[in-house]
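**Student:** below is the structure, and that's it, no one-letter string:
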């Protein structure tokens, strides 16, 4: 049965492959986007608002650790169409980055002054999400070989089973820690079994360690991982400050308001991930006209989706959140709309990071993010201690507006510099 299903996934008409990849990537991205919202709903209903707040900070920490574990590899891996690095090289880099993720997760879980139960919940949920890092390695190889469809189908199946498993555990046991542990074990088993049969299609060599390639790849990726880590830290900075300055109940309220923004951020995979190899090919081939056209098109799509979400949020979004989570939120309308605006800015930043990775402008984008991080560390706790949830909103807007403008300047300058250099050389 598995062989038959495997053959159906592998064998597809080449003319339909890109369309299928886009479709399944959309499904997987939607599931990834709604996972936290869905789980938060059931946790709020069956475990209470306080546990919803604990889950909120556990989720923020898990995604923060993921930014280190992924090490900015996926964009480079998928755009490495010339195969400058082998799968071996990416494999050993991910082992290294996963070790860093694990150390960071231990630090956040057990050295942050949390209660025993809260620390274990943060740690176990982080392990559950860390499976994404391991699987992303294999999916990056499929993606590089223009088989994003395989990666997205497997990811869709794993997301569905993980979500269902978590929900059933919560409903039956009403125990957040137990649910995290059970779902982690199941997710790991599914990842191993599902990818084992596909990676051999693209990689059949032995896992040989090449220190020179490892070092070279590491040096390329360090600015990217710094950028991604700081960007996600900036996204979660209001939650960290609320955790330090306010409490679990306020954390739950802010996370409910922030949930549509979080969904917007994760949905960026739908918007531009399928196009990474195409962007890379056009840039490497100096096809500047088409490259510019695609960049402008993607930015227009992001803007359009953001406007739709803002209008929808104003008309019915807050009311839906009140109904779903059974919380009184109507006094937070202005904060909610501003968070949605910030979500659009954050998505633009994510897209520009992909473009800068293709342009190999990693050092500049890392420099921008370090500057923004300094602002964050200086003002975050002060703003939230003084203004509460409104301070968190102001902080989120500020920390996305500054890098968005800086990244746009870097991308435009690099584009015209490269274009001018190509014309002169011709």
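**Tutor:** Alright, I've got the coordinates. Note that this is a predicted model, so its numbers are computed, not measured. Numbering: from 1, shown residues only.
**Student:** okay, CA-based contacts and neighbour counts for the rest of this
**Tutor:** OK.
**Student:** OK, contacts around the residue nearest to residue 214 when sequence neighbours are not counted?
**Tutor:** In space, and not counting its chain neighbours, residue 214 is closest to residue 89: 5.8 Å by CA to CA, 6 or more residues apart in numbering. Counting by CA atoms under 8 Å, 6 or more residues apart in numbering, residue 89 touches 209, 210, 213, 214, 217.
**Student:** of those residues, grab the buried ones for ChimeraX.
**Tutor:** In ChimeraX, a selection of the buried entries from those looks like this (16 or more other CA atoms under 10 Å):
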select :213,214,217
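**Student:** need the contacts of residue 89 in a markdown table with pLDDT, distance to residue 231 and secondary structure, can you?
**Tutor:** Below are those laid out as a markdown table (pLDDT from 0 to 100; distance: CA to CA, whole Å; DSSP: H, G, I helix; E, B strand; the rest coil):
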| residue | pLDDT | distance to residue 231 | secondary structure |
| --- | --- | --- | --- |
| 209 | 87 | 31 | coil |
| 210 | 88 | 31 | coil |
| 213 | 90 | 27 | helix |
| 214 | 91 | 25 | helix |
| 217 | 88 | 21 | helix |
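**Student:** for residue 385, give its distance to residue 292.
**Tutor:** Separation of residue 385 from residue 292 (CA to CA, to the nearest Å): 44 Å.
**Student:** ok, residue 363 next?
**Tutor:** Counting by CA to CA, the gap from residue 363 to residue 292 is 22 Å.
**Student:** got a list of what residue 411 touches?
**Tutor:** By CA under 8 Å, 6+ apart, the contact list for residue 411 reads 352, 355, 356, 359.
**Student:** the residues you listed, buried ones only, as a ChimeraX selection?
**Tutor:** Filtering the contacts of residue 411 down to the buried ones (16+ other CA under 10 Å) takes a single ChimeraX command:
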select :352,355,356,359
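**Student:** secondary structure, distance to residue 256 and pLDDT added to the contacts of residue 411, as CSV?
**Tutor:** Below are the contacts of residue 411 laid out as CSV (DSSP: H, G, I helix; E, B strand; the rest coil; distance: CA to CA, whole Å; pLDDT from 0 to 100):
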residue, secondary structure, distance to residue 256, pLDDT
352, helix, 27, 87
355, helix, 31, 84
356, helix, 32, 85
359, coil, 37, 79
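**Student:** which one of the contacts of residue 411 is nearest residue 323?
**Tutor:** Nearest to residue 323 out of the contacts of residue 411 is residue 352 (CA to CA; 35.7 Å).
**Student:** which SS class is residue 397?
**Tutor:** Assigned with DSSP: H, G, I helix; E, B strand; the rest coil, residue 397 falls in the helix class.
**Student:** contacting residues for it?
**Tutor:** Applying CA under 8 Å, 6+ apart, the residues near residue 397 are 338, 339, 341, 342.
**Student:** and if we set it to 6 Å?
**Tutor:** Residue 397 is in contact with residue 342, counting by CA atoms under 6 Å, 6 or more residues apart in numbering.
**Student:** same check on the one 10 residues further on?
**Tutor:** Residue 407 makes contact with no residue, according to CA under 6 Å, 6+ apart.
**Student:** residue 350 versus that one, what's the distance?
**Tutor:** Separation of residue 407 from residue 350 (CA to CA) stands at 10 Å.
**Student:** how is the chain carved up into domains?
**Tutor:** The chain breaks down by automatic domain parsing into domains covering 1-209, 274-426.
**Student:** which pLDDT value belongs to residue 55?
**Tutor:** With respect to pLDDT, residue 55 scores 88.
**Student:** I'd like to know which elements the helix or strand hosting it is packed against.
**Tutor:** Residue 55 belongs to helix 49-70 when assigned by DSSP states H and E. For helix 49-70, the packing partners by 3 or more CA pairs under 6 Å, 6 or more residues apart in numbering; DSSP states H and E come out as helix 87-110, helix 116-144, helix 248-266.
**Student:** in space, what's closest to residue 329 - neighbours in sequence excluded?
**Tutor:** Among residues not flanking residue 329 along the chain, residue 322 sits closest, at 6.1 Å (CA to CA, 6+ apart).
**Student:** could you do residue 117 as well?
**Tutor:** Residue 117's closest residue in space is residue 177 (CA to CA, 6+ apart), at 7.8 Å.
**Student:** surely that neighbour touches residue 120?
**Tutor:** No. The criterion here is CA atoms under 6 Å, and residue 177 misses it with residue 120 at 7.0 Å.
**Student:** ok now stretch 233-251, how far from the chain's centre?
**Tutor:** 19 Å (CA atoms, centre = their mean, to the nearest Å).
**Student:** buried ones in it?
**Tutor:** Buried, per 16+ other CA under 10 Å, within stretch 233-251: 233-243, 246, 248-251.
**Student:** average pLDDT for that stretch, rounded please.
**Tutor:** Mean pLDDT, stretch 233-251: 80.
**Student:** one more: stretch 127-136?
**Tutor:** Stretch 127-136 carries an average pLDDT of 92.
**Student:** kindly report the same for stretch 77-96.
**Tutor:** For stretch 77-96, the per-residue pLDDT averages 86.
**Student:** offset the numbering so it begins at 59, please.
**Tutor:** All set: I'll call the first residue 59, so the last point we hit is now stretch 135-154.
**Student:** return the set of buried residues in it.
**Tutor:** 135-139, 143-152.
**Student:** out of those residues, flag the one nearest to residue 478.
**Tutor:** Distances from residue 478 to these, taken by CA to CA, are shortest for residue 137, at 23.3 Å.
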